[in-house]
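Participant: test case, fold it:
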Amino acid sequence: MKSAYLYVRVSTDEQKRKGYSLPEQEDRLLKYCKYNNIEVKGIYREDYSAKNFNRPEWKELFSEIKKKSSGEDKNILFIKWDRFSRNVEYAYEMIGKLRKYKTTAMAIDQAIDFSVPESTVMLAVYLAVPEAENTRRAQNTANGIRRAKLMGRYPNKAPIGFINLTLMDGKKTIAPKEPEADVIKWSFHQVAQNDHKISEIMKIANEKGLICSRSHFFRILRNPVYCGLISVRLEPNEEQMIKGLHEPLISESLFYQVQSVINTKRKTTSKKNDLRELFFLKGFLTCPVCDRKLSASISQGRSKKYPYYHCHDGCKTRINAVFLNECYQNKLQQLILSNNAVELFRNILEDQNIKIQKASYLYTQKLLERKIKEEELTLSRGRKLFIAGILKIDDYNELKKEHQINTRNLSKEMRDIVLKLKAIDRKNQIEDKALVEIFQKFSELDTSDKRYLVNLIPPVDIDYQTGSLSLGLNQAFSKILSKKSNRKNNKKNEFH
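Facilitator: Residues are numbered from 1 along each chain as shown. Modelled structure (predicted):
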């Protein structure tokens, strides 16, 4: 062997358990090369797990090997085979790839003569031992997690809405984390009511500060941790619910009520919501012939379906629902705020000093961004000092722990600032025209808001043949609302 690349690897847990360090490995490899007159063509230092070969430094080393001439023999040296890999399958696969490029991998403490056929047995042993060690450690960890769950503790990473804490006795637990916890409580209550589609509830929850995907939102609704229960898998097909020691966000009855909605009523609810949206005037219309409340349904035609408001029991009164909905909406959109009311709303908005608040929040946002970058830079410098052997492992671990805590707190502050800026932007979007013509967005309201508005301003004096109607404005509304019409001629329109 005339030349070789040196590969040193360590993972944080190995440093704690076995005292491995990159400088120590590097020093031993350099002495070995010096003693055996081996030219060092490069040193690759890795702080990564060996469960596979998806490691930054190894990929760089492999790329370097592929660039070299195919006629040139190449070598990679490391201390032991567990530095190379802790997975037998991946290890043999990588050894095969290296052979294609005439490259030999060799451990100086576990040397193997590949020219001797029996040496493959020793290679199998050297590669199998680290994998068995990993498997045993993983099994011990899983058993420890299971024991903790049986005792009512949640030892895993806290789900959204909770935060991991360490108690005075050193035991792990979780506690509610705001504002996500309140939004999750709200979401469970909304789903349990079964009045809206779950996708609509998720959208509002996102706006309130619960940032997650659609699939993650459904996992939240199905997770018993939120009602204080912890799922423990005892056998492959056996699961047990344990009462947790942590503070629940919702009651067990509410959790199981939500499961019932998710599993059995979701499709029915969606259909009902669609019908409610189409017939938002139902309950506010009276038959001109028999003076009974009109019902609503969809009639099947030859080629498509037609929605109608209609009477019953032989009364033939009926009117196209889409047509009447549009007549009401057009009439409603003629209403605007009076000048005095507009001035009052403007004064309320000006008193909030929105611009000053936004400038303050933007400044805080930039300050937080700078602090987060400084934290990343500090950790990067510490990592380089650690790799170079200047910083001790305990100091490096303390630095990483401090970095994680600081970054988590800064990120929470950043999310809070972003939510406040979004709230301010929504306020700023209220332009003069939108403020005056407050009913122009009626079609974009959800069904419950539409029906609430119809209850406040019901249609009256309806001509079911032409669709002509008036709006029932009470005295309070009459003082703040007027009708869009010939203002130049100062004509006043009366609403019955």
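Participant: next secondary structure element downstream of the lowest-mean-pLDDT helix or strand in the chain?
Facilitator: Within the chain, no helix or strand scores below helix 432-436, which has a mean of 52 by mean pLDDT, DSSP states H and E. Sequence-wise, the next helix or strand downstream of helix 432-436 (DSSP states H and E) is helix 447-456.
Participant: let me see the mean pLDDT of that next one.
Facilitator: Mean pLDDT, computed over helix 447-456, is 82.
Participant: CA-only coordinates of that helix in PDB, if you can.
Facilitator: Output of helix 447-456 as PDB, limited to C-alpha atoms (Å, rounded to 0.1, in the frame of the first residue of the first chain):
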ATOM      1  CA  THR A 447     -73.300  29.400   5.500                       C
ATOM      2  CA  SER A 448     -73.700  30.100   9.200                       C
ATOM      3  CA  ASP A 449     -72.700  33.800   8.700                       C
ATOM      4  CA  LYS A 450     -75.100  34.100   5.700                       C
ATOM      5  CA  ARG A 451     -78.000  32.800   7.700                       C
ATOM      6  CA  TYR A 452     -77.100  35.000  10.600                       C
ATOM      7  CA  LEU A 453     -77.100  38.100   8.300                       C
ATOM      8  CA  VAL A 454     -80.400  37.000   6.700                       C
ATOM      9  CA  ASN A 455     -81.900  36.800  10.200                       C
ATOM     10  CA  LEU A 456     -80.800  40.400  10.900                       C
END
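Participant: where does the stretch 201-350 of the chain dip in pLDDT?
Facilitator: 236, 265-276, 342-350 (pLDDT under 70).
Participant: residue 425 sits in which helix or strand?
Facilitator: Using DSSP H and E, residue 425 falls in helix 393-428.
Participant: go on, residue 323?
Facilitator: Under the assignment here (DSSP H and E), residue 323 is part of helix 321-332.
Participant: element containing the nearest residue to residue 305 once chain neighbours are set aside?
Facilitator: Closest residue to residue 305 apart from its sequence neighbours, by Cβ to Cβ, 6 or more residues apart in numbering: residue 298 at 4.9 Å. To be clear about C-beta, it is placed using only N, CA and C from the backbone, and glycine gets the same treatment. Element membership of residue 298 [criterion: DSSP H and E] is strand 295-300.
Participant: quick one: that strand to chain centroid distance?
Facilitator: Computed by Cα atoms, centre = their mean, to the nearest Å, the chain-centroid distance of strand 295-300 equals 41 Å.
Participant: walk me through the domains of the protein.
Facilitator: 3-137, 162-266, 341-436 (automatic domain parsing).
Participant: now the longest one: how far from the chain's centre is it?
Facilitator: When C-alpha coordinates are averaged (Cα atoms, centre = their mean), domain 3-137 and its chain have centres 39 Å apart.
Participant: mean confidence for it?
Facilitator: 83.
Participant: measure it end to end?
Facilitator: With Cα to Cα, to the nearest Å applied, domain 3-137 spans 37 Å between its terminal residues.
Participant: repeat that for stretch 313-321.
Facilitator: 19 Å.
Participant: can you report how many residues lie near the closest residue to residue 225 other than its chain neighbours?
Facilitator: Using Cβ to Cβ, 6+ apart and skipping residues adjacent in sequence, the residue nearest residue 225 is residue 159, 5.7 Å away. Neighbour count of residue 159, defined by other Cβ atoms under 10 Å: 17.
Participant: grab the most central residue of this structure for me.
Facilitator: Nearest to the geometric centre of the chain sits residue 212, at 2.3 Å (Cα atoms, centre = their mean).
Participant: excluding its backbone neighbours, what's nearest that residue?
Facilitator: In space, residue 212 is closest to residue 160, 6.2 Å off (Cβ to Cβ, 6+ apart).
Participant: my read: that neighbour touches residue 183, true?
Facilitator: No. With contact defined as Cβ atoms under 8 Å, residue 160 does not reach residue 183; the gap is 9.5 Å.
Participant: quick check: neighbours shared by these two?
Facilitator: residue 210 (Cβ atoms under 8 Å, 6 or more residues apart in numbering).
Participant: ranges for the strands of the stretch 101-250 of the chain?
Facilitator: Listed in chain order, the strands of the stretch 101-250 of the chain (DSSP state E, counting those that start in this stretch) span 103-107, 162-166, 172-176, 229-235, 238-243.
Participant: between those strands, which one is closest to residue 340.
Facilitator: Judged by Cβ to Cβ, the one of the strands of the stretch 101-250 of the chain that comes nearest to residue 340 is strand 172-176, at 45.9 Å.
Participant: restricting to C-alpha, output that closest one in CSV.
Facilitator: Taking Å, rounded to 0.1, in the frame of the first residue of the first chain, the C-alpha atoms of strand 172-176 are listed here in CSV:
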residue,chain,number,x,y,z
LYS,A,172,-39.4,13.4,31.2
THR,A,173,-42.9,14.7,30.6
ILE,A,174,-44.9,17.0,28.3
ALA,A,175,-46.9,20.1,29.1
PRO,A,176,-49.3,22.3,27.0
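Participant: ok, residue 300 - how many residues close by?
Facilitator: 8.
Participant: with adjacent residues omitted, what lies nearest to it?
Facilitator: Counting by Cβ to Cβ, 6+ apart, the residue nearest residue 300 is residue 306, at 8.0 Å.
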